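Student: sequence unknown, structure follows:
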C-alpha cells in the first residue's frame, strides 16, 4: 500500500485514536497565541527536521512534493500531531507567541489566502492538462474510423453509477439497487419533474444539451492571460474540456432520468452481518432522507450552474443506494473507489489491518448513531458515513481475500470514472483542433514553468522554514503600507518595524542560517514575544517514560533499545533496516551506529542478490540504512523509526 494511501486510511480514525494523545491546548487554543512548531528529524520526509505554524485547530506547513515544488498544506492540529509525533515518532517543540487578536487574525488570513491562491493555481494547471487530453482525444477520434479497435475513450466522473462502460471493465458487486427495474426506482422523481416543468421538459432539455455539444467550439486557454502570482487569485474562464465534460454529464443525466436503462452497473456494494443491518427506525429515517434528496434533485435540474449534471448523477447514485438499503434491510453504498478491485494476491497485506478494521468499524457506528439520532439529515454527515462504510468494507475484503486494500479517494464522494468511446462530439475542423492542441500544449508547459519559478523547492532559499517567514513578512509589509499609505512595495523597513510592533521582534527570512529548522526555532524564541515553550515527546519516548514508571530503567533499556525485542516498535515497510535506537542515548550512539551500519550493508547485499526477483526496494532501503547510520558514528541522531498504524488506545 502506498504511503499516501496509508495517510488517507489513518487520518479517518484519528478522532478515535487521538483521545489518548490530544493536548487540551490545541482544542482550546487562545485566540492570542500563535504557535511556531519545530519537528525533530527522522528518515523519510523532512529528514533534516521540519517546521509548522499553528492557529488553534489549524496547522499550516510546507511540503516538498515529488514534482520538486513546495506546497502549503493545512491540517487539523490533532491530525498533524498524530502524523508527526505518533506515527512519525518525532518530538515536537512549540513556541507560544503572544499576539493581539488583530495580529492573530491578520497572519492567519495571510496563510489562508496563500493556501487558496496556490491551490487554485495548481487547479488551473490541472485544467490545462485536461485541455491537452481533450484535444488529443478529438484529434485521435477524427483520424481513426469509429469501427477501429484502437479508438480512444474519454473518462467521465461519476458516470459509472448509472451506465456500464462500452469498454472492458471488471465488475465488483452483485448489488443491483433497482432490482433490474430502474424505471420504477426513479419514476416518482420523473413524475415530479414532469408535474413541475411540463411533460416535454426533459426531451426539450435533451435536445438543447445535444445542440450545445454539437456547437461547442474547441478554443483553448491562452498562457499570456494567466501569469501566476503569490498575491493574486487566478481568475480564468471555463475551459473547453470542462465545458465538454459538464455538457456531457448534463446530457447523460437528462437522458437517464428520461429513459433509465434496464439494469444498473456493478458499482454498488454491501456486506452481510450485524454491522450493516438496519433497524426499523433507521429505515424510516432513510425514507425521509430519500425524499430530501429527491427535493434537492428537483431544484438542481433547473439550476443555472454549468456543472449541475455531475451533482445530479451523484444524487441519483445516492438515491439508488438508499432505496436498495431500505429494500434489503442493510446498508448499500456506491463504491467510491476510483477503480474496481484487484483480487490478485500480490504481497502479504499489512498485519495491522484487522486492528484497523476494528477501529474503522467503531468510528462507522459512531457516525451512524450521530446521523440517525440528529434527524438533521445533512449531506455531509451521510457522506462521512458512506466514506467510512466503504473503508470498512474494503478493509474487510482485503483481509478475507489476502490482498492489499485499494487507495481511498482524495475527495470523500462517489466519483468513479467511466471511460466511454461512444460520445456525441462537437463539430470541428481538423486543422482547427490541431492548432488548438498546439496552443494547449504550449500553454500547459509555459504555465507549469511559471509555477516552478514561483514554488520550486530550494534547500537554502525556499523550504519549509523560509516560506513561513516569507508569508509573515509579506503580510506585515502590506499591513504597514496600508497604514502609512506607502505607494511602493519596495519601501524598506516596513515589515521589520511592523514585526517588532506586532510580534515583539523580527526574524529575517533571508538570514544566513534561518533556513535550518532547529535554528529557526531558536530565532523565534530569541526574537518574538514567546511566553511559553512546550515539548510534545515522540510516541516511543512517551511509551518509554510510561514503562520506566512501572519497571526498572535497565530492564526497559535492554528490551526497548533494539528493534528485535522492542514491544513499542514494529518496522514500517518504508523504514530502513537498523538494530539499535540511538535517539535516547548519546554514550552508546557510535557503537550502536556501527551495528546499524552493518545492518544497512547486509540489507543492500541481499537486495543486490534478490534484485532480479524482488526489484530494487531492498537495495534502496539498505542504502538508506547506510546513509542514516553514518551520522550516528559521530554522535548525531536522525533516524528514530516510524509506525504504520497505532490501534485505539495507543
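Tutor: Cool, got the structure. This structure is a prediction, so every number in the text was calculated from the model and none was measured.
Student: Excluding sequence neighbours, find me the nearest residue to residue 312.
Tutor: residue 253 (4.5 Å; C-beta to C-beta, 6 or more residues apart in numbering). In short, each C-beta sits where N, CA and C put it, glycine included.
Student: cool, and residue 617?
Tutor: Per C-beta to C-beta, 6+ apart, closest to residue 617 is residue 607, 7.7 Å.
Student: Give me the pLDDT value at the residue nearest to residue 312.
Tutor: Looking at residue 253, its pLDDT reads 93.
Student: and residue 510, how many neighbours does it have?
Tutor: 12 (other C-beta atoms under 10 Å).
Student: now do residue 291
Tutor: Residues near residue 291, counting by other C-beta under 10 Å: 13.
Student: residues in contact with stretch 379-399?
Tutor: 9, 12, 269-271, 275-276, 289, 318, 331, 333-337, 341, 349, 353-354, 356-357, 360-361, 363-364, 367-368, 370-371, 374, 403-406, 408, 412-414 (C-beta atoms under 8 Å, 6 or more residues apart in numbering).
Student: Let's see that with 7 Å instead.
Tutor: Stretch 379-399 has contacts (C-beta atoms under 7 Å, 6 or more residues apart in numbering) with 12, 269, 271, 289, 331, 333, 335-337, 341, 349, 353-354, 356-357, 360-361, 363-364, 367-368, 370-371, 404-406, 408, 412-413.
Student: Narrow those residues to those in strands?
Tutor: 269, 333 (DSSP state E).
Student: Produce a ChimeraX select command limited to the buried residues of the contacts of stretch 379-399.
Tutor: The buried residues among these can be selected in ChimeraX (16 or more other C-beta atoms under 10 Å) with this line:
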select :12,269,271,289,331,333,335,336,337,341,349,353,356,357,360,361,363,364,367,368,371,404,405,406,408,412,413
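Student: Run through the neighbouring helices and strands of the helix or strand residue 418 falls within.
Tutor: Element membership for residue 418, per DSSP states H and E: strand 417-420. Other elements packing on strand 417-420 under the criterion 3 or more C-beta pairs under 7 Å, 6 or more residues apart in numbering; DSSP states H and E are strand 154-157.
Student: Report all helices and strands that the strand it packs on contacts.
Tutor: Checking 3+ C-beta pairs under 7 Å, 6+ apart, strand 154-157 ends up next to helix 240-258, strand 417-420.
Student: After the shortest one, which helix or strand is next?
Tutor: So the one you mean is strand 417-420. helix 430-455.
Student: Please identify the deepest-packed of the helices and strands packed on strand 154-157.
Tutor: Among these, helix 240-258 has the highest mean neighbour count (mean count of other C-beta atoms under 10 Å), at a mean of 21.
Student: Could you list the buried residues of stretch 599-610?
Tutor: 599-601, 603-604, 607.
Student: ah, wrong one, I meant stretch 440-452
Tutor: Buried-residue list, stretch 440-452, by 16+ other C-beta under 10 Å: 440-441, 443-444, 446-448, 450-451.
Student: just stretch 61-73 next, same as before
Tutor: Quick answer for stretch 61-73 (16+ other C-beta under 10 Å): 61-62, 64, 69-72.
Student: follow-up on the earlier one: quick one: mean pLDDT for the strand holding residue 418?
Tutor: 86.
Student: again with stretch 227-244
Tutor: Rounded mean pLDDT across stretch 227-244 is 88.
Student: can you give me the end-to-end distance of it?
Tutor: End-to-end distance of stretch 227-244 (C-alpha to C-alpha, to the nearest Å): 25 Å.
Student: So what's the gap between it and the chain middle?
Tutor: Mean C-alpha position of stretch 227-244 versus that of the full chain (C-alpha atoms, centre = their mean, to the nearest Å) differs by 22 Å.
Student: what does the model give residue 510 for pLDDT?
Tutor: At residue 510, pLDDT is 87.
Student: For the spatially most central residue of the chain, which three-state class applies?
Tutor: Centroid-nearest residue in the chain: residue 410, 4.4 Å away (criterion: C-alpha atoms, centre = their mean). Counting by DSSP: H, G, I helix; E, B strand; the rest coil, the backbone at residue 410 sits in coil.
Student: hmm, back to that, now, the most widely separated pair of the buried residues of stretch 61-73?
Tutor: Comparing all pairs in these by C-beta to C-beta, the longest separation belongs to 61 and 69, at 14.7 Å.
Student: Just the helices from the stretch 51-200 of the chain, written as ranges.
Tutor: Ranges of helices in the stretch 51-200 of the chain, per DSSP state H, counting those that start in this stretch, are 77-81, 101-143, 182-185, 187-197.
Student: Just send the ones you listed back as CSV, with mean pLDDT and mean neighbour count too.
Tutor: As requested, these are exported to CSV (pLDDT from 0 to 100; neighbours: other C-beta atoms under 10 Å):
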stretch, mean pLDDT, mean neighbour count
helix 77-81, 94, 22
helix 101-143, 93, 17
helix 182-185, 62, 16
helix 187-197, 92, 14
